[in-house]
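Asks: Here is my input; please provide its structure:
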Amino acid sequence: MQASDPQRRAKLIEGRSHAAALRARVAAAVEDLKSRHGITPGIAVVLVGEDPASAVYVASKTKAVYEAGFAAFDRRYPATLSEQALTDTIKELNAHSSVHGILVQMPLPAHIDPGRIIEAMNPVKDVDGLHPANAGRLMMAEPGTAHGLVPCTPLGALLLIKETLGATLAGKEALVVGRSNLVGKPMAQLLLQENCTVTTAHSKTHDLEGLCRRADILVAAVGRPEMIRGSWIKPGATVIDVGMNRRILPGGKTKLVGDVNFEEAVEVAGAITPVPGGVGPMTIAYLIRNTAIAAYLQAGLKQPEL
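Replies: You can find the predicted model right below:
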């Protein structure tokens, strides 16, 4: 068996550098918002329960909020919090003039209906882009036109795709593996607005392997560790791996892996995001960006190009 040719390995799409550039653009817009209008963007991250993964995510989001110079109005509650009490908290934050963005960390405890909590939010403060009004605006938008707040992860993935392939994606075959409201569905809509030919697949799709082999752009967001093999990937394709899965190694250690088998895929793809360090940093950066946009919109100001 011949050793792999390092020159043929896929280009790594590093999310950290792109996220840093986006944060710099947001910082300039926020400085303008503060100096000219006296407005400091504020965000409330709501955490219910003590899920370890959620606690880590919230800590990283809170750190990014402080680094951006935003005001933080975080709320922490025990897992026993009632649905009505959480709804009341959302209503309180809706009415708080200094809170421009609200993010409820998922998953919520089993006794709380996440749909009801999302619908209780003011859509213009829904920086996760999950409110039905925001989802509807995204679906109805014409290519190239403005729409409501969009989920952070798909926005970050789209920027990485554009930075890799160029601004024009028209005519590319795109496959989104995953159909969640947070990633899969909005990702497909964003690619459709870029005039891609888009297919949405999932874990129960027949001949998923065959669909993957046709895709110029492959976005994996199915939540199954290393499900997509290198042999499934079209040579030269751009692969965006949204998966974040903990794999237990011998000895009890763990390793973070994506939904794509990276070691196989890197030998076939033209460009690929690593896990970690790919899409993850973009998600946090777009959370900051969405909060800044929400602050502008709530002040009746023109939305900056971010």
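Asks: the strands in the stretch 151-300 of the chain, which residues?
Replies: Here the stretch 151-300 of the chain has its strands, by DSSP state E, counting those that start in this stretch, at 173-177, 197-201, 217-220, 238-241, 245-248, 254-257, 271-272.
Asks: Which one of these lies nearest to residue 184?
Replies: Evaluated with Cβ to Cβ, these place strand 173-177 nearest to residue 184, the distance being 5.5 Å. Yep, even glycine has a C-beta here, placed from its N, CA and C like the rest.
Asks: Provide the partner residues of the closest residue to residue 215 other than its chain neighbours in its beta bridges.
Replies: Of all residues not flanking residue 215 in the chain, residue 175 sits nearest, at 3.8 Å (Cβ to Cβ, 6 or more residues apart in numbering). Residue 175 has the following beta-bridge partners by DSSP bridges: residue 199, residue 218.
Asks: mind checking which of the strands of the stretch 151-300 of the chain is nearest residue 41?
Replies: With Cβ to Cβ as the measure, strand 238-241 is the member of these nearest residue 41 (27.9 Å).
Asks: Tell me the neighbouring strands of the closest one, and mark each as parallel or antiparallel.
Replies: strand 217-220 (parallel), strand 271-272 (parallel).
Asks: which of those strands is buried the deepest?
Replies: strand 217-220 (a mean of 29; mean count of other Cβ atoms under 10 Å).
Asks: what are the ranges of the helices in this structure?
Replies: Per DSSP state H, the chain carries helices over the ranges 15-37, 52-67, 83-95, 114-120, 132-140, 152-165, 184-193, 208-214, 262-265, 279-298.
Asks: picking up where we left off before, nearest to residue 54 among the strands paired with strand 238-241 would be which one?
Replies: strand 217-220 (22.2 Å).
Asks: Help me confirm that residue 227 comes into contact with residue 264.
Replies: No - in this structure residue 227 lies outside contact range of residue 264 using Cβ atoms under 8 Å: 11.7 Å.
Asks: Can you tell me, leaving aside adjacent residues, what's nearest to residue 187?
Replies: In space, and not counting its chain neighbours, residue 187 is closest to residue 154: 4.1 Å by Cβ to Cβ, 6+ apart.
Asks: do the same with residue 225
Replies: residue 245 (3.8 Å).
Asks: My guess is that neighbour contacts residue 259. True?
Replies: Yes - assessed by Cβ under 8 Å, residue 245 is found in contact with residue 259 at 7.2 Å.
Asks: List the contacts of the closest residue to residue 232 other than its chain neighbours.
Replies: Take residue 232 and drop its neighbours on the chain: the residue closest to it by Cβ to Cβ, 6+ apart is residue 212, 4.0 Å away. Applying Cβ atoms under 8 Å, 6 or more residues apart in numbering, we find residue 212 in contact with 175, 177, 218, 228, 232, 233, 234.
Asks: and which of the residues you listed is nearest residue 96?
Replies: residue 177 (38.7 Å).
Asks: so who does the closest one touch?
Replies: Taking Cβ under 8 Å, 6+ apart, one finds 184, 201-202, 205, 208, 212, 218-222, 228, 259 in contact with residue 177.
Asks: so how far is residue 180 from the residue nearest to residue 232?
Replies: 18 Å (Cβ to Cβ, to the nearest Å).
Asks: go on, residue 148?
Replies: 18 Å.
Asks: before we move on, the earlier item: turn the strands of the stretch 151-300 of the chain into TSV, including distance to residue 27 and mean pLDDT.
Replies: Compiled in TSV, those are given as follows (distance: least, Cβ to Cβ, whole Å; pLDDT from 0 to 100):
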stretch	distance to residue 27	mean pLDDT
strand 173-177	31	98
strand 197-201	33	98
strand 217-220	28	98
strand 238-241	26	98
strand 245-248	32	83
strand 254-257	28	86
strand 271-272	28	98
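Asks: Turn these into CSV, columns for distance to residue 107.
Replies: What follows is these, written out as CSV (distance: least, Cβ to Cβ, whole Å):
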stretch, distance to residue 107
strand 173-177, 21
strand 197-201, 23
strand 217-220, 21
strand 238-241, 21
strand 245-248, 16
strand 254-257, 19
strand 271-272, 28
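Asks: Compare those and give me the one nearest residue 54.
Replies: Here strand 245-248 is closest among those (Cβ to Cβ), at 13.7 Å.
Asks: elements contacting that closest one?
Replies: strand 254-257 (3 or more Cβ pairs under 8 Å, 6 or more residues apart in numbering; DSSP states H and E).
Asks: Mind giving me the packing neighbours of the strand it packs on?
Replies: Using 3+ Cβ pairs under 8 Å, 6+ apart, strand 254-257 sits against strand 245-248.
Asks: Direction included, what does the strand it packs on pair up with?
Replies: strand 254-257 (antiparallel).
Asks: Using PDB, write down the CA coordinates of the strand it pairs with.
Replies: Below are the C-alpha coordinates for strand 254-257, written out as PDB (Å, rounded to 0.1, in the frame of the first residue of the first chain):
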ATOM      1  CA  THR A 254     -12.500  10.900  24.700                       C
ATOM      2  CA  LYS A 255     -12.000  12.400  21.300                       C
ATOM      3  CA  LEU A 256     -14.200  15.000  19.500                       C
ATOM      4  CA  VAL A 257     -15.100  13.800  16.000                       C
END
